[in-house]
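Enquirer: Here's a sequence, model it:
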Amino acid sequence: MSGPIIVRLMVITCDVSDYAAMTDVRDQVLARFGRVDCLMNNAGAMVTRGLPWEDLDGWKAQVDINLWGIIHGCHAFLPGMVEQDTPSAVINTGSKQGITNPPGGYAYNLSKAGVLAYTQSLAHALRQNEGCQVNAHLLVPGLTYSSMIQRFVPEKPPGAWTTQQVIEFMLAEIQKDAFLILCPDNDTPRRLDERRIQWNTDDLIEGRPALSRWHPDYAQEYNAFVEGSD
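Expert: Below you'll find the predicted structure:
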């Protein structure tokens, strides 16, 4: 008969937009556990829905949390993770909105697009560091019924995944050494996400108007493109 399972848990409240606060968390973690095997930068918020020329303070706060929070986490923890020379991972949480840039949450989209670019650069830099055993991954959830959403929506929408489903999918993809962990949900299969991403990228290549997916002149062409995904 196996012995008891010992779980060591430490909870610290931290403002991720404050680098000094993040380094304080790092110091407490290392003092307690000695090393870090997995860094997950998951803190995020929707601060403002202001237009691109509105609510400057809201835009700055949005980027401070969603993008600088991730950069702070990596700057605080990654040098030690690289130096400890053991297999480890950093997982940054992005968003489909940071890839396809839908109208509405403009500042949020900007912050998450930055997370995509930063994590791509991070993965490349770690790979170029000879002998480095740290891998970087970008987690992009679909519609997820998280505890944050539960405060506003009492019952899980049929199309949403549970957080447990996202975790299980993420762990399986990490085992495959996938960089982009693009989660489906009950309404959106991966192939549909891929077509949406492809269409958005082709706006630049084909010379279409920005965000032509939401342009009435391109609605028929877009729908035909998506329907061809099966």
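
Enquirer: ok, longest helix in this protein?
Expert: helix 106-128 (DSSP state H).

Enquirer: hmm, who's touching it?
Expert: 44, 46-52, 55, 58-59, 62-63, 65-67, 70-71, 74, 82, 90, 92-95, 97-99, 101-102, 132, 134-138, 179 (CB atoms under 8 Å, 6 or more residues apart in numbering). For glycine as for every other residue, the C-beta is placed from the backbone atoms N, C-alpha and C.

Enquirer: Mind jotting down where the helices sit in this protein?
Expert: Assigned by DSSP H, the chain shows helices spanning 19-33, 56-66, 68-84, 97-100, 106-128, 147-150, 163-175, 190-206, 219-227.

Enquirer: Which one, of the ones you listed, ends up nearest to Met10?
Expert: helix 19-33 (5.6 Å; CB to CB).

Enquirer: now that closest one against helix 68-84, angle please.
Expert: Between helix 19-33 and helix 68-84, the angle comes out at 40 degrees (axes from the mean of the first three to the mean of the last three CA atoms, to 10 degrees).

Enquirer: ok so, going back, can you list the helices of the chain in JSON lines and add mean neighbour count, distance to Arg213 and mean pLDDT?
Expert: Shown next, in JSON lines, are the helices of the chain (neighbours: other CB atoms under 10 Å; distance: least, CB to CB, whole Å; pLDDT from 0 to 100):
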{"stretch": "helix 19-33", "mean neighbour count": "14", "distance to Arg213": "36", "mean pLDDT": "97"}
{"stretch": "helix 56-66", "mean neighbour count": "18", "distance to Arg213": "23", "mean pLDDT": "97"}
{"stretch": "helix 68-84", "mean neighbour count": "19", "distance to Arg213": "27", "mean pLDDT": "97"}
{"stretch": "helix 97-100", "mean neighbour count": "20", "distance to Arg213": "7", "mean pLDDT": "97"}
{"stretch": "helix 106-128", "mean neighbour count": "18", "distance to Arg213": "13", "mean pLDDT": "98"}
{"stretch": "helix 147-150", "mean neighbour count": "11", "distance to Arg213": "25", "mean pLDDT": "84"}
{"stretch": "helix 163-175", "mean neighbour count": "14", "distance to Arg213": "25", "mean pLDDT": "96"}
{"stretch": "helix 190-206", "mean neighbour count": "14", "distance to Arg213": "6", "mean pLDDT": "97"}
{"stretch": "helix 219-227", "mean neighbour count": "13", "distance to Arg213": "5", "mean pLDDT": "96"}
